[in-house]
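Colleague: Here is the input, now give the coordinates:
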Amino acid sequence: MKMVIVLLLEDNPASRKGTTRALEMQGFAVNQAQDANNLIEILQSGTHRPNVIVAALHAFTEDSLAHLDRTRRGIPVLFLSSRSAHLPSHLSNTPLAADVIVKPFLVGDLIQAVDRMLSSD
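Modeller: Have a look, this model is predicted:
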């Protein structure tokens, strides 16, 4: 079975640690990005291409979201948001609008959302 790689962007250290641990306990390999620009750099480098991106929505500006959409090359994106289960209006009609999970979330909900992203890939 091929190892599934998750590229995680979570700027809250406690949330990042908990999310990483939850994903790793389910058998996912987790690579971490420090911020939106770092996440885009990782994607552009082509090394350790992730199967799915899990990222805090608030870590992106409108410009960095547009850049992510251009560089992700079909990789599904799961956004983590503390505000709403709905994407901002400027994202809701774009191919980037993959899925949103609202914080705080249960580990099972996170894993189901990641699995859903992978199955639609």
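Colleague: Show the residue spans covered by the helices in this protein.
Modeller: 13-25, 36-45, 62-71, 107-119 (DSSP state H).
Colleague: Summarise which helices and strands the first one is packed against.
Modeller: Spelled out, that is helix 13-25. Using 3 or more CB pairs under 8 Å, 6 or more residues apart in numbering; DSSP states H and E, the elements in contact with helix 13-25 are strand 5-9, strand 29-33, strand 52-56, helix 107-119. Quick note: C-beta positions are derived from backbone N, CA and C, even for glycine.
Colleague: Next, the residues that contact that helix from outside, please.
Modeller: Contacts to helix 13-25, defined as CB atoms under 8 Å, 6 or more residues apart in numbering, come from residues 6, 8, 10, 30, 32, 54, 56, 80, 103, 107, 110-111, 114.
Colleague: tell me the contacts of the residue nearest the centre of the chain?
Modeller: Nearest to the geometric centre of the chain sits residue 54, at 1.5 Å (CA atoms, centre = their mean). By CB under 8 Å, 6+ apart, the contact set of residue 54 is 6, 7, 8, 9, 10, 19, 23, 77, 78, 80, 110, 114.
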